[in-house]
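# output the structure for:
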Amino acid sequence: MSFILKNVDTVESITREEFKKKYLNKRKPLIIKGLTKDWPAREKWTTDYFKEIAGDIEVKLVDNSKADPTKVINASIASMKFGEYLDLIKREPTELRIFFLNLFKHKPDLINDVKIPKDLMGGFIESMPAMFFGGSKAITFLHYDIDLPHLFHTHFGGRKHIILFDNKWKKRLYCLPNTTYALEDYDVANPDFEKFPALKGVEGYEVFLEHGDTLFMPTGMWHWMRYIDGSFSLTLRAWDRSLTRKMASVWSLFMHGAVDSAIKVVFKERYAKWREKKVFKIAEKELKKGKPSN
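Modelled structure (predicted):
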């Protein structure tokens, strides 16, 4: 059993006009296989190279465990030297992953290995290039980014399996109240429609990224990721041009970040139990409508 998934359009390259008309304006995902063809990073960035230049950095790690409802999302479970972690993901399967590492802060020259695709759109947040690393058992839970940027997600050193959903499906995906992530009790790759009936009929996209591929994910797009190989990704983030979307970003950061965190601190387990009961009522109500939310 699975969601209703279709392939994402794939191109070698694309003009600014076509990208804007077919994908940016329509908030539709796209794989651009040739975006990195002239990036030094495409050949230069390997786990051995990162170990050589930044192996002594201490990195925080997360795994596939269900998030502790009383803690901040993506709270680390352990830490180790970056070089040791890179050896680990090369050597053996592991659930351990690194979430949102700004390696450029430690090694600013790395930015010279990347060419930000300003020829496709503006608004890039150049101060926040984010890197993500994972072992071959690592999974990134289903969510959308809290600050609502457009994402250019480039993968290196292996393969990654990704499932995407438009934001209109959020209630059917059992999005927990006051958050930007889904209930973690179902397997996105193999959902149980009997236990989670609102998932049946949900439409999305399926992607398999290889080394050097770039996936464009428009603002608000839900994504779940599984590292097929021990490998890593770079995400370049860009703001939407519309004032409405910028205001939505500020609201999301306030409501899904500050407010949710404050409630967790005060009510802890009571809040977690309330959310998990509430999410089923929301999803069932949406299912009865026979359509996703607008």
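# hey, let's count contacts and neighbours off CA atoms from now on
Noted.
# what strand or helix carries R275?
helix 269-289 (DSSP states H and E).
# next, the buried residues of that helix.
Across helix 269-289, burial judged by 16 or more other Cα atoms under 10 Å covers Y271, A272, R275, E276, V279, F280, I282, A283, E284, E286, L287.
# next: stretch 240-247.
Quick answer for stretch 240-247 (16+ other Cα under 10 Å): D240, R245, K246.
# next: stretch 219-234.
Those would be 219-234, for stretch 219-234 by 16+ other Cα under 10 Å.
# re earlier: pLDDT, distance to D166 and secondary structure added to the buried residues of stretch 240-247, as a markdown table?
Shown next, in a markdown table, are those (pLDDT from 0 to 100; distance: Cα to Cα, whole Å; DSSP: H, G, I helix; E, B strand; the rest coil):
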| residue | pLDDT | distance to D166 | secondary structure |
| --- | --- | --- | --- |
| D240 | 96 | 16 | coil |
| R245 | 95 | 16 | helix |
| K246 | 93 | 19 | helix |
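# closest to C175 among these?
R245 (19.9 Å; Cα to Cα).
# in contact with the closest one, which residues?
Counting by Cα atoms under 8 Å, 6 or more residues apart in numbering, R245 touches L148.
# could you redo the last one with a cut-off of 6 Å?
Taking Cα atoms under 6 Å, 6 or more residues apart in numbering, we find R245 in contact with no residue.
# please report how far it lies from D229.
Using Cα to Cα, to the nearest Å, one gets 35 Å for the distance from R245 to D229.
# what does V188 give?
19 Å.
# okay, the closest residue to I282 other than its chain neighbours: pLDDT?
Distance criterion Cα to Cα, 6 or more residues apart in numbering; nearest residue to I282, sequence neighbours excluded, is K171 at 6.5 Å. Note for K171: predicted pLDDT of 96.
# quick check: which element contains K171?
Per DSSP H and E, there is no helix or strand for K171.
# which residues touch S2?
N190.
# number of nearby residues for F3?
F3: 20 surrounding residues under other Cα atoms under 10 Å.
# what does I32 give?
20.
# and it, how far is that from L103?
Applying Cα to Cα to I32 and L103 gives a distance of 24 Å.
# residue nearest the middle of the chain, spatially speaking?
H223 (5.3 Å; Cα atoms, centre = their mean).
# dump the residue contacts of it.
L142, H143, I163, L164.
# one step back: out of the buried residues of stretch 240-247, who's nearest D147?
D147 lies nearest to K246 out of the buried residues of stretch 240-247, by Cα to Cα, at 8.7 Å.
# would you mind measuring from the nearest residue to the closest one once chain neighbours are set aside to H143?
Nearest non-adjacent residue to K246, counting by Cα to Cα, 6+ apart: D240, 6.9 Å away. Look at D240 and H143: by Cα to Cα, they are 19 Å apart.
# and what of R27?
Distance from R27 to H143, by Cα to Cα: 17 Å.
# tell me which of those two has more neighbours.
H143 (23 against 19).
# quick check: the more buried one touching W222?
Yes. Under the criterion of Cα atoms under 6 Å, H143 makes contact with W222 at 5.2 Å.
# for E58, give the beta-bridge partners.
Beta-bridge partners recorded for E58 (DSSP bridges): K81.
# which residues does it contact?
Contacts of E58 by Cα under 6 Å, 6+ apart are M80, K81, F82.
# equivalent analysis for G230, please.
Counted by Cα under 6 Å, 6+ apart, G230 has contacts I89, K90, G134, G135, S136.
# any chance of the backbone angles for it?
phi -60, psi 120 (degrees, to the nearest 10).
# from R42, how far off is the closest residue to it other than its chain neighbours?
In space, and not counting its chain neighbours, G230 is closest to G135: 4.1 Å by Cα to Cα, 6+ apart. Separation of G135 from R42 (Cα to Cα): 20 Å.
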